[in-house]
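just coords:
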């Protein structure tokens, strides 16, 4: 019996005009096979063609992983002499009757190394972007995937709670970030994090993608923490913003506006509506509060085996939400030179609406009393 994920891929290929698809190491290869490889100087390529057994071309030293494949596949290995690699790819493509036609690739994943070897193996092949087709492969999560994401959220929330229990005014952003990473692993996160934690205080919190620095957190600051965990290959991505002691009335005002915008965005998601409506719902709250120009990014992005994937939650996105799609809602207001607020939750579209996988308090919490 053919694996349901492969069947889905075959259906997508049929509508794309592609004859086959080539993957190199990354989330989609893991999704299809359950096998983990990293990008290195040696190529690894999975070739999938309807009607043929998938073929995995890989270095000999990686062959020990093959027993863990979740699908039947033919493995073809090669040695460390690069001069032999083109012949290996030529034989594989000939055996798959893939010497001409169109091969789809992931535009943000496939490298020149692999494309070049495939072209040398079959010069008549045409390579096309499979971006729009392949993004649909992992777009709707099944119950097991959603539960893995829920667990990743729980791990992240537990880690943040432990980290804040150790917080003291005067700690640097780097010290907080390093403690948070320790707590993430102690709470059970997988070894790969979605990204390095963002810990930003005071004026640094007005930069949405600030990097932890040696700045010491002071009373009167906002402290923004954006981070995530992983569980069984799936990510969480959360943001909470805290007050360190008493903060100014304006900072309290922008916090209240972002909190309301987050709530509006969380409530907006439902099957059958355009992704852009989630952005619009949150953005309207911030605009009505007078801070529209200070909300400088989309309201969220898809989440799953990658920290950023489809669906992208920007105002003009016509993509229709469907059950199983997962995404973030993370409105923010950023006052340059003063401070910024962002509150981010992880959402899943249900049969009747949407559910937040995260439930960490969104009330303004004061630290360092």
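Yep, it's here. Everything numeric here is computed off the predicted structure, so don't read it as measured data. Residues are numbered from 1 along each chain as shown.

What residues sit buried inside stretch 219-233?
The neighbour-count check on stretch 219-233 (16 or more other CB atoms under 10 Å) flags 221, 222, 223, 224, 225, 226, 227, 228, 229, 230, 231, 233 as buried. To be clear about C-beta, it is placed using only N, CA and C from the backbone, and glycine gets the same treatment.

Now do the fifth one, the pLDDT please.
Just to be clear, that refers to residue 225. Residue 225 is assigned 98 on the pLDDT scale.

One more: the second one?
Turning to residue 222, the model gives it a pLDDT of 98.

Tell me the helices and strands packed up against the strand or helix carrying residue 57.
Using DSSP states H and E, residue 57 maps to strand 55-59. On a contact count with 3 or more CB pairs under 8 Å, 6 or more residues apart in numbering; DSSP states H and E, strand 55-59 meets strand 45-48, strand 74-78, helix 85-95.

so how far is the helix or strand of the chain with the lowest mean pLDDT off the chain centroid?
Every helix and strand of the chain was ranked by mean pLDDT, DSSP states H and E. The lowest is helix 131-135, at a mean of 86. Computed by CA atoms, centre = their mean, to the nearest Å, the chain-centroid distance of helix 131-135 equals 15 Å.

Stretch 174-184 too?
21 Å.

Also stretch 228-240?
9 Å.

Span of it from start to end?
Chord length of stretch 228-240, first to last residue, is 11 Å (CA to CA, to the nearest Å).

Sheet partners, orientation included, of the helix or strand residue 341 falls within?
Taking DSSP H and E as the definition, residue 341 sits inside strand 339-342. In the sheet, strand 339-342 lines up against strand 332-335 (antiparallel) (DSSP bridges).

Name the stretch among the helices and strands packed on strand 55-59 that sits most buried.
A comparison of those by mean neighbour count, using mean count of other CB atoms under 10 Å, puts strand 45-48 on top with a mean of 24.

Identify the residues contacting that one?
6, 9, 13, 20-24, 29, 32-33, 54-58, 73, 89, 92-93, 96, 98, 114, 117-118 (CB atoms under 8 Å, 6 or more residues apart in numbering).

State the distance from the nearest residue to residue 316 once chain neighbours are set aside to residue 193.
Spatial nearest neighbour of residue 316, chain neighbours left out: residue 276 (5.6 Å); criterion: CB to CB, 6 or more residues apart in numbering. Per CB to CB, to the nearest Å, residue 276 is found 29 Å from residue 193.

Surely residue 138 is in contact with residue 304?
Yes: if you go by CB atoms under 8 Å, residue 138 and residue 304 touch, sitting 6.1 Å apart.

Neighbour count: the two, which is higher?
Remark: of residue 138 and residue 304, residue 304 carries more neighbours, 24 against 21, as counted by other CB atoms under 10 Å.

For the more buried one, give me its contacts.
Shown in contact with residue 304 (CB under 8 Å, 6+ apart): 27, 138, 141, 145, 149, 234, 235, 326.

does residue 65 sit in a helix, a strand or a coil?
helix (DSSP: H, G, I helix; E, B strand; the rest coil).
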